[in-house]
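**Q** using only what follows, build the 3D model:
(2 chains)
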Amino acid sequence: MLQNVENFASHFFVLGDPMIYGADVSIVLASAAIVFVLTYYKKWGYLWREWLTTVDHKKIGIMYMIATLLMLFRGGVDAMLMRTQLIMPGMPFLKAQHYNEIFTTHGTIMILFMAMPGVFALMNIAVPLQIGARDVAFPYLNAISFWMFFFAAMLLNLSFVIGGSPDAGWTSYAPLAGLTFDKGPGENFYLLALEITGIGSMATGINFFVTIMKLRAPGMTLMRMPLFTWSIVATTVIIIFAFPPLTVDLGLLLFDRLASSHFFTIFDGGNPMMYVNMFWMWGHPEVYIVVLPAFGVFSEVVATFSKKRTFGYASMVASLLAIAVISFFTWVHHFFTMGAGPGVNSFFAVATMIIAIPTGVKVFNWLFTMYQGRIRMNLPMLWAVAFIPNFAIGGATGVMLSVAPADYQFHNSYFLIAHFHQVLIGGTLFGILAGMYYWWPKMFGVILDEKIGRWAFWFFNIGFYVCFLPQYWLGWMGMTRRMYTYLPGMGWTMWNFISTMGAYMMGTGFILIVIQIIYSILYGERDLTGDPWDGRTLEWSLPSPAPHYNFARIPTITGRDAWWTMKEEQRKGITHSEEEAPLKPIHMPNDSGRPFVLSVLFFIAGFALVFTWYPLAFVAFIGILASLVMRSFEYDTDHTISVEELRHSEAAYGRV
Amino acid sequence: MAMVDSFIKAPSTHRIPLEYTHEEDALRIFGFWIFLATDLLLFASLFATYSVLYRHVGHGPGPLQIFDVTGFSAETFILLTSSFTCGLSTYSMHRGQKGWMMAWMAVTILLGISFISFELTEFVGDVAQGATLQTSAFLSAFFTLVGTHGAHVSLGIGWMTLIFIQLAVHGLTATTARKAFIVSLYWHFLDVVWIFIFTIVYLLGEMS
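**A** Below you'll find the predicted structure:
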C-alpha cells in the first residue's frame, strides 16, 4: 500500500531537481499570500462580482493584459535559464532533459499564452470603443474565451511541478512527441492546454469579426474604420481559417497518444509529415495573427504622435488583407528540407518572398506618415519607432531564409532563431508594449511614468540587439537550435557570452517595466481629459476609464479619424443635432459566473485526460454539457440601464 | 398554380422572418454562419488526413473489406430525408404553424436517432471483424472522420430536443424561432458534410 502511494507520488510530482523544489515552495507561498490578502481585506466578493463574472469587454481586456505580463515573466524566466546555461561551454547549470523542457515551454508560452492574449487584450480594450459600439457581439462568449485561455495557461504551467513539462519542442513534432518516444504526461499537458485555449481563440475570432462587421456606429463605413480595427479584421479572418487545422492536428496526435491510433506513427501506415504540414498550416498564419494587430497599433500610434493622417490609408488596408491571404500559401517554407521537390519548394519560396512586398508598403507608409509631422516621442511612439529598424533587419533575414536552396544551410540553426525572435519581439512584443502604453490611460485612467519607461525601453531595446545579432553569426558558424551545451574551441563562446549579456539586459528592462507600473499605480499622473495624447479615433472621445456602457449616445461618423474631425468641428463651433438628442435606455448583458465554471470544468477534464483518469474526465464532461444546457434554458440574459441612471452617471463624468 | 400563388403571397404579410426581427437574434445567426465556416474547415482538415492515409491500410483490412453498401446507403437516405423534414419544420415556422413545426422537428430527431443507430451498428460490426481505430492509419482516419460527423449528429439531436422542449414551454417567439433556425442551419450543414463522406469515403472506397 505504502509502496503504491510512493510510486504514485514519484510519478505525479516532479522530484529530484532542486530548482523545481524551489518552484514548488514559491508556488505554495505565492498562493498562500494571495489567499491571505484576499481574505484579510475581504476582497473575495469583490473579485467574484467585479472580475470573475464580468462580461464587460474592457475588464476582460484588462485581465488579458495582466495574464500577458505574467506569462511574459514566466516565458522570460525560461529564456534567462537557457541563456545562462549557454553562457559558457560545458555549463553544468541545467541537465539536457531539463533544457528540453524549458525551450519547449518557453516557445509554447510566448506564442500561445503571451502573444495571443496580448493581442486579445488590445482588441478587447480598443475595438468596440473605436467603432462606436456598446459591447462586442457576444459578451458571454467573450468571457468564455478569456477563461478558456486562462485555465489552459494554468494547465500548461502546472506541468512544471506536476507530472513533468512537455519536452518535444513548441512544435511538438510527431513521431518524437508520439507515444513510442515520449511516454510521460508532459506532451498530454501541451496538447490539452492548446486544444482548450484554441477553443477560446476561435470564439474570439468569430466574436470580433461579427462585432466589426455588424456593430459599427452609423456612418462608419469600412473605409472609415481606424487601421487598428482593420488589422483586427485581417487577424480574425486568419484565426477563423487557421485554427481548425490546428484543432484537428493536435486532436489526432492526442488520439495517437491516448487511444493508440496511427495517424502519425511510423508503423501501420501513419504519416508523421502530415502532422508537420497541418501544424504549419496554422503555424505560419499564426505569426501574422500576432503581428498584424501590432501593425495596427503602430498605425494608430504613428498617426497620433505625428499629428497627421496615416499616409496611404487604402494601401494600408490592402496590404493587411494581402498579408492575410498570402499567409496561407507559405507554410512549406518551414520544412524546405522535407524533400518535396523543387516545384513545391519554389512555389512556397516565391509566396514567402511576396509577403515582403505588402509588409514593405506598410513600413514606407509609417515613414511617410512621420515625414513632416509634428512628432512627439512619448513611450508608445518610442516603441513604434524602435520597431522599424528591427523589423527591417528581421524582414531581410526572413527573405534570406525564404530562398529554398539557402535554407538547406540555415535550417534549424541559430540564424533562424535570431530571425524569428527579431520579428516576433521586434514586431509583436514591441507592438503589444506600444499598445499597452498607448491605451493604459483608457484602461485605468492613469498615465504610465515616462522616466522609468524610458530606462526600461533603452535596456530592453539595446539588450535586444546585443542578444540576437550575435545569434546570426552563431547560426552561420553552425550552432544549431535546441542544443543544451557545446564544446570549447568551436569559436562560439564569445558570441554566446555576448548574447546572454543581452538577455540579462532585456530581463532588466522587463523588471523596470514592472517597477514603472507599480510606481505609476501609486504616484502616476491621472488622465482627467480622457484624451491624453490628443488622439484621432473614437475611444479618446470617452472619459478614462470608459463607462461600462461605453457611449451614452452612439455618435454619427462623418469621416476617417472620427474624433479628430469632431474636435475640428468643435473648434469651428459646429454642433450636431444628435449631441443634444435625448438619452435612451440601454440594454446591457448580465454578468454570469458560468463562463468561469465552464472553464474550470474544462480544466478538470483536461487534467484528468493528461493522467488518463477517464472517470473524472467523464464527470467533468457531463458538467460541461450541463452548463451548456443551463445556458440554453436561460432567457433572462440582459438588463436595462434607465435614462435616470444614465443621466446620473454621465453627470458624474461631467458630460451631460 | 394556386400553390405558387399562396407561396408568393404568404411572406408579404410579415416581411421580416420571425427569427430576424430582433437585432441580437440576427447577429447570432450571422455569428453562427461564421462558426459553420470554422466547422467546415475542421472537416476539411479531417478529409485531407483521410485522403492522405486511406491507402495506408498496413496489415488491416482495406475499404472494400469493411464497407457495407446497404448500411451506408440506408444512412445516406435517412440523413437526406431528415434534412428535408428539417426544412419542412422551418417552412412551418415561417407560416406560424407551431404544431406542424414541432411535428416535423420530432420526425427529424427520430430520423437522426435512426441514422446514429445504423452508424453504430456499422462501427460495432467493423470492430467485431477486428477493424479498430488501432489497426491501421486508414482505419484511424476513417473512424475519426466518420465518427466526428456522428458526434456532431448526436450533439445536434440533443440540441434539437432542447429547442423542442423550449418551443413547448415558451411557444413560438422571436427567440425560439432564432434557436430553431440556427439548429436547422447546423442540421443542413451536417447533411452537406455527409454528402462528402458518402462520395470521398464510401463511393471512392467501393471503387478502389
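**Q** need the single longest helix in chain A, by residues.
**A** Longest helix in chain A, counting residues (DSSP state H): helix A:272-306.
**Q** what about that one, near chain B?
**A** Yes. Applying CB under 8 Å from any CB of the partner chain, one finds helix A:272-306 touching chain B at A:274, A:278, A:281. Heads up, the C-betas are built off the backbone N, CA and C, glycines and all.
**Q** who touches the next helix or strand after that helix?
**A** Once helix A:272-306 ends, the next helix or strand along the chain (criterion: DSSP states H and E) is helix A:313-326. Contact with helix A:313-326 is made by A:223, A:227, A:230-231, A:233-235, A:237-238, A:288, A:292, A:295-296, A:299, A:310, A:351, A:354-355, A:357-359, A:361-362, A:365, A:560, as judged by CB atoms under 8 Å, 6 or more residues apart in numbering or on different chains.
**Q** just the buried ones among those residues, please.
**A** Buried subset of these (neighbour count, 16 or more other CB atoms under 10 Å in any protein chain shown): A:227, A:230-231, A:233-235, A:237-238, A:288, A:292, A:295-296, A:299, A:310, A:351, A:354-355, A:358-359, A:361-362, A:365, A:560.
**Q** check the gap between the closest residue in space to A:Asp249 that isn't next to it in sequence and A:Gly606 for me.
**A** Take A:Asp249 and drop its neighbours on the chain: the residue closest to it by CB to CB, 6 or more residues apart in numbering or on different chains is A:Met278, 3.9 Å away. Separation of A:Met278 from A:Gly606 (CB to CB, to the nearest Å) stands at 21 Å.
**Q** doesn't A:Ile375 fall inside a strand?
**A** No. With DSSP: H, G, I helix; E, B strand; the rest coil as the criterion, A:Ile375 is located in coil rather than a strand.
**Q** tell me where chain B has helices.
**A** Secondary structure of chain B (DSSP H): helices at B:2-9, B:23-53, B:63-66, B:69-94, B:98-128, B:137-170, B:174-196, B:204-207.
**Q** of all the residues in chain B, which one is nearest chain A?
**A** Chain A sits closest to B:His56 of chain B, with a gap of 2.9 Å, by CB to the nearest CB.
**Q** pLDDT score assigned to that residue?
**A** Note on B:His56: pLDDT of 93.
**Q** what's the answer for A:Glu580, then?
**A** 70.
**Q** burial count for it?
**A** As a burial measure, A:Glu580 scores 8 neighbours (other CB atoms under 10 Å in any protein chain shown).
**Q** get me the contact residues on chain A for chain B.
**A** A:137-138, A:202, A:205-207, A:209-210, A:213-215, A:240-241, A:243-245, A:247-249, A:252, A:255, A:259-263, A:265, A:267-271, A:274, A:278, A:281, A:629, A:632-633, A:635.
**Q** next secondary structure after the helix or strand harbouring A:Ala503?
**A** For A:Ala503, the host element (DSSP H and E) is helix A:493-523. As assigned by DSSP H and E, the chain's next helix or strand after helix A:493-523 is strand A:525-526.
**Q** name the residues that touch the next helix or strand after that next one?
**A** Using DSSP H and E, the helix or strand that follows strand A:525-526 towards the C-terminus is helix A:562-572. Residues from elsewhere that reach helix A:562-572 (CB under 8 Å, 6+ apart): A:132, A:220, A:224, A:531, A:535-541, A:555, A:558-559, A:575-576.
**Q** now a ChimeraX select for only the buried ones of the residues of chain A next to chain B.
**A** Buried residues among the residues of chain A next to chain B (16+ other CB under 10 Å), as a ChimeraX selection:
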select /A:137,138,202,205,206,207,209,210,213,215,240,241,243,244,245,247,248,249,252,255,261,262,263,265,268,269,270,271,274,278,281
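**Q** circling back to that earlier point, out of the helices of chain B, which comes closest to A:Pro585?
**A** Nearest of the helices of chain B to A:Pro585, taken as CB to CB: helix B:23-53 at 15.0 Å.
**Q** and the closest one, what's buried?
**A** B:24-32, B:34-39, B:41-43, B:45-50, B:52-53.
**Q** and residue 82, what does it touch?
**A** Reading this off chain A. Contacts of A:Met82 (CB under 8 Å, 6+ apart): A:94, A:99, A:102-103, A:106.
**Q** wait, I meant chain B there
**A** B:Ser82 neighbours (CB under 8 Å, 6+ apart): B:107-108, B:111-112, B:115, B:187, B:191.
**Q** same check on A:Gly373?
**A** Neighbouring residues of A:Gly373 by CB under 8 Å, 6+ apart: A:306-308.
**Q** gap between the residue in chain A positioned nearest to chain B and A:Ile462?
**A** Here the residue of chain A nearest chain B is A:Gly269; by CB to the nearest CB that distance is 2.9 Å. In this view, A:Gly269 and A:Ile462 are 53 Å apart by CB to CB.
**Q** do A:Ser327 as well
**A** 31 Å.
**Q** ok, back up a step: now, which of the contacts of helix A:562-572 sits nearest A:Val14?
**A** So of the contacts of helix A:562-572, ranked by how close each gets to A:Val14 (CB to CB), first place is A:Glu539, at 45.3 Å.
**Q** give me the pLDDT for that closest one.
**A** Here the pLDDT value assigned to A:Glu539 is 94.
**Q** that one contacts A:Ile131, doesn't it?
**A** No. Here A:Glu539 lies out of contact with A:Ile131, judged by CB atoms under 8 Å, at a distance of 9.5 Å.
**Q** so between these two, which is more surrounded?
**A** Higher neighbour count among A:Glu539 and A:Ile131: A:Glu539, with 26 against 23, using other CB under 10 Å.
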